[in-house]
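1. Whatever this is, show me its structure:
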Amino acid sequence: MNIKPLSDHILIEPVSFEEKTKTGIFLPQSADKERPEQGKVIAVGPGKMGKAGARMPLEVKAGDTVLFTKYGPSEIKVDGKDYLIAKQDDILAILG
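-> Next comes the predicted model:
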């Protein structure tokens, strides 16, 4: 299925925790139940309409890894896979 976000919405694939920590400790499956705060941008909308009637482009693009607010994005499931849809205001930073 092809998803095209509207306005200033951004489709994000959440990044899950690694099963093994840097120190070699394995995390149980239940440790991954916390909502993620990082993800990879899959698709972006065309931007919000400004007062003058022109579109304001988004600051993120597909492929960016972003840091976002924990409870801002909405969860969706497409073809059995979890995604998040966020507004640009929910994005805190682009990780490089």
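2. Tell me the spacing between the residue nearest the centre of the chain and K51.
-> Taking C-alpha atoms, centre = their mean as the criterion, I12 is the residue nearest the geometric centre of the chain, at 2.9 Å. Per C-beta to C-beta, to the nearest Å, I12 is found 28 Å from K51. Backbone N, C-alpha and C define where each C-beta goes, glycine included.
3. swap in P36?
-> 34 Å.
4. So between the two, which is more surrounded?
-> A side-by-side neighbour count of P36 and K51, using other C-beta atoms under 10 Å, places P36 first with 17 against 6.
5. quick one: secondary structure of that one?
-> coil (DSSP: H, G, I helix; E, B strand; the rest coil).
6. That one reaches P14, doesn't it?
-> Yes - if you go by C-beta atoms under 8 Å, P36 and P14 touch, sitting 4.0 Å apart.
7. so how far is the first residue of stretch 24-43 from its last?
-> This stretch, stretch 24-43, spans 35 Å end to end (C-alpha to C-alpha, to the nearest Å).
8. Then stretch 72-92?
-> Distance across stretch 72-92, first residue to last, is 11 Å (C-alpha to C-alpha).
9. ok so D89 is a helix residue?
-> Yes - counting by three-state DSSP, D89 is located in a helix.
10. Measure how buried it is and give me the count.
-> Number of residues near D89 (other C-beta under 10 Å) recorded here: 11.
11. got it, and the one 4 residues further on?
-> Around A93 sit 11 other residues, with neighbours defined as other C-beta under 10 Å.
12. dump the residue contacts of it.
-> Shown in contact with A93 (C-beta atoms under 8 Å, 6 or more residues apart in numbering): 66-67.
13. Could you list everything it pairs with in the sheet?
-> L67 (DSSP bridges).
14. What distance do you get for it to A54?
-> According to C-beta to C-beta, A93 stands 26 Å off from A54.
15. Quick one: the strands in this structure, in order.
-> Remark: strands assigned in the chain by DSSP state E are 9-14, 38-44, 48-49, 55-56, 65-68, 74-78, 81-87, 91-95.
16. what helices or strands is the second one leaning on?
-> With contacts defined as 3 or more C-beta pairs under 8 Å, 6 or more residues apart in numbering; DSSP states H and E, the secondary structure elements packing on strand 38-44 are strand 9-14, strand 65-68.
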